[in-house]
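S.K.: no FASTA, just this:
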C-alpha cells in the first residue's frame, strides 16, 4: 500500500526556514522536513546551526561541519540523497573576507591583522547574520530544489530576520563608521567622540582599528547590498517561515508577538508548529479525568499518587487546548500544527522520516 | 534550611540551554540566600524581563529592592553607558551637551562586543563594591553566555592601556578566580540540554573559567513504575497502562542523562523536581527546599 504523503502549506516554497526560541525542536524538525523532501526525490540541503552530536549521527555523519556533506538516505523501501551542513560562524566570516575582498593583498591584510581575530570573535556572536550570508551564497551558487534552514535559536526569534539590517546598522552607525567616512559624519561631535574613544581605549588600539577599517571598507559596503538581496530571499515568493514553539505560556505569548512583527515586515508565516504537545499523551481528556478521579478514591497509596499525576496531566492538556484556541482567535489565517511529545530520541533516518507523519493539523 | 556549597561564592552565574529553568533557579537561590541572611543581588540582563514575575512585581526597569537582603538589578545599556561616561570617565559635560544618550547607545551599542563588555563591567562593579555577600546572575543561554565570558580577555588583549583595559582585566581576574566565581550549569533530563551543559563546562575550562557545579532540573517527582493488581474498567486500565509505559520511558531517559552528567560533574549535582506550579513566588519558595 502506498501511503499518501502529507501536504503542508510550506511545501510550495524552495526555501523553508524554521524560527523559534531555543529548545523548541527547530533543528530536529528541520532535519525531518529535509529528510522527507530528499526521500521524495527533491535535491535538498539542510543548514543547521546548532545540532547535538546525536543529530549529526542520526543523519549518518560523524560530525556536521562547514563543508556540505552528502548523505545517502536508506530507509524501508525508500532511498534518497540529502546534503547537510552546519554553520560555523567563525569560518563563515573568513569566507566572506575571502569572497569579497577586492584582491589577495587586501585579503591577507585583513586576515592577518591582529584586530581581525578579535573582530571575528565578536562578530561571530552574530550567528544570525552569518546564517543569512550563508543562505544567500548557497541560493546564488547552487541549484537545490529545497533548502531547509534551521535558524539560530534566539530569545527573540526576530533576531534572525532583523540581522541583515542590524548588521548594516553595526557597520554604518557604530564606531566603525567613524573610520570609513571620518569627515562626512557628524563633524565636530565626531572628532570629539573619537577623542574620547581614543582616551579610553588607548592610541594604539585606535590606530589598529583605523588600519583595519580602511582595509575592510569595500567589504563592509558590500554587506549593505547583500543585506537587501537577502531580504528579498525571505519574501513569500521564495520562502516559507515556520514558527516552532512548545505549549509553554510565555513562549506562546512570544509567538503571537512574533507573528505580528513578521506581518509588519511584509513576510508570511506558513505554519505554526506546537511541538512536544500534551494532547492525547496519556489518552483523551475525558478519560484521563475519569481515571484520575477513580484512582484518588482507591485505598492504595500508589493509586492515589497516580491519580494526582493524572490530574496534573489533565490540567496540562486543558491548558494547552486553551492556548491553541487563543492562538487561533488571534491568528485565524495561520495554519496551526501539533507534534505530540515523545520520550524517545531521534537517532536515525527512519525516526526523522517518521517524525513528519506525526505533524497533524490542530483542527483534527 | 541549608545552602548549596557554591553559595559561598561572591559571583554566581546560572547558565544552560534555552528553556531549562535558569531564571527560576536563579530566583530560587537568591530568595533562599536572602532568607538565610546573606545580602544578595540578583541580576537580569536586558532584554530578558522575567524575574519580576517571581516576586509579584511589575517589570523591573533598573532596580527593585525586595528586602534588606535582596535586590534585583536589571542591566540595561542606557544606564550603564551613562554610568560609564559620567562616573567612570568624568565626561559629563561632553555627554550632556554633545552626545545624546540615545545616539551614543545606538552608536557604541552597535559595535560588536561592546554590549557584552558593558554588561560584564557592570557585574564586576557590583561584585567588587562589596555591598553584597553574593551576586547571582541569571545568565544568557550557552552561546551568548560563552561570548560574554570571552569579552574581558579579548578587550584586555586588544587594548594596550587605559581605563577600559583596567575594567577588562579586573573582570577577567574575577571570573577566573575559582574562590570568587562559580558557574552553575543547568539542564533538564533530556539529551540536548545535557549535551550542551557538558559542552559549556568543556569550553569554559579552556578559557580558565570553571564550571564545577550543575543542576538537573524538572526531574519527574512522582513517576510510578508499577501498578498494583487491580480490577477496573477497560478505559481506566488503558489510561493506567499508558501512564506506566510513559513513566518508564521518562525514567530511562532520566537515568541516562544523569549518568552522562555524573561522569562529568561527579557529586556536584543538585537535583530539582518538576513542581506543578506556575512560575511565581510560591514556586521559588517551594523549590528552595530542594536547593541544598
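M.R.: That came through, no problem. The structure presented is a predicted model; accordingly, all values stated were derived computationally and were not measured.

S.K.: what pLDDT does the closest residue to chain A within the stretch 51-200 of chain B get?
M.R.: Proximity of the stretch 51-200 of chain B to chain A (C-beta to the nearest C-beta) peaks at residue B:113, 3.4 Å away. Using the backbone N, CA and C atoms, a C-beta is placed for each residue, glycine as well. Note on residue B:113: pLDDT of 71.

S.K.: and the one helix or strand residue A:38 maps to, what does it pack against?
M.R.: Here residue A:38 sits within helix A:26-39, counting by DSSP states H and E. On a contact count with 3 or more C-beta pairs under 8 Å, 6 or more residues apart in numbering or on different chains; DSSP states H and E, helix A:26-39 meets strand A:15-19, strand A:44-48, helix A:53-58, strand A:69-75, strand A:78-86, strand A:146-150, strand A:239-245, helix A:349-357.

S.K.: any idea how many residues pack against the residue of the stretch 51-200 of chain B closest to chain A?
M.R.: Around residue B:113 there are 20 other residues, counting by other C-beta atoms under 10 Å in any protein chain shown.

S.K.: what does residue A:17 give?
M.R.: 27.

S.K.: so what's it closest to, chain neighbours aside?
M.R.: Distances taken as C-beta to C-beta, 6 or more residues apart in numbering or on different chains place residue A:149 nearest to residue A:17, at 4.5 Å, with adjacent residues excluded.

S.K.: and the one you found, how far is that from residue B:61?
M.R.: 36 Å (C-beta to C-beta, to the nearest Å).

S.K.: give me the more crowded residue out of these two.
M.R.: residue A:149 (27 against 13).

S.K.: one step back: in this structure the residue nearest to residue A:17 contacts residue A:131, no?
M.R.: Yes - the pair residue A:149 and residue A:131 qualifies as a contact (C-beta atoms under 8 Å) at a distance of 6.9 Å.

S.K.: find the residues that touch each one of the two.
M.R.: Residues touching both residue A:149 and residue A:131 (C-beta atoms under 8 Å, 6 or more residues apart in numbering or on different chains): residue A:47.

S.K.: hang on, the earlier thing: quick check: which of the helices and strands packed on helix A:26-39 is nearest to residue B:192?
M.R.: helix A:53-58 (7.8 Å; C-beta to C-beta).

S.K.: now the closest one: average pLDDT?
M.R.: Rounded mean pLDDT across helix A:53-58 is 68.

S.K.: okay, buried residues for stretch B:174-182 please.
M.R.: Under the neighbour-count criterion of 16 or more other C-beta atoms under 10 Å in any protein chain shown, stretch B:174-182 has B:174-176, B:181-182 buried.

S.K.: out of the residues you listed, which comes closest to residue B:260?
M.R.: Once C-beta to C-beta is applied, the member of the buried residues of stretch B:174-182 that ends up nearest residue B:260 is residue B:182, at 21.5 Å.

S.K.: surely the closest one meets residue B:10?
M.R.: No - applying C-beta under 8 Å, one finds residue B:182 not in contact with residue B:10, separated by 9.0 Å.

S.K.: one step back: weakest of the helices and strands packed on helix A:26-39 in terms of mean pLDDT?
M.R.: helix A:53-58 (a mean of 68).

S.K.: am I right that residue B:239 is in contact with residue A:280?
M.R.: No - proximity of residue B:239 to residue A:280 does not meet the contact threshold set by C-beta under 8 Å, at 11.2 Å.
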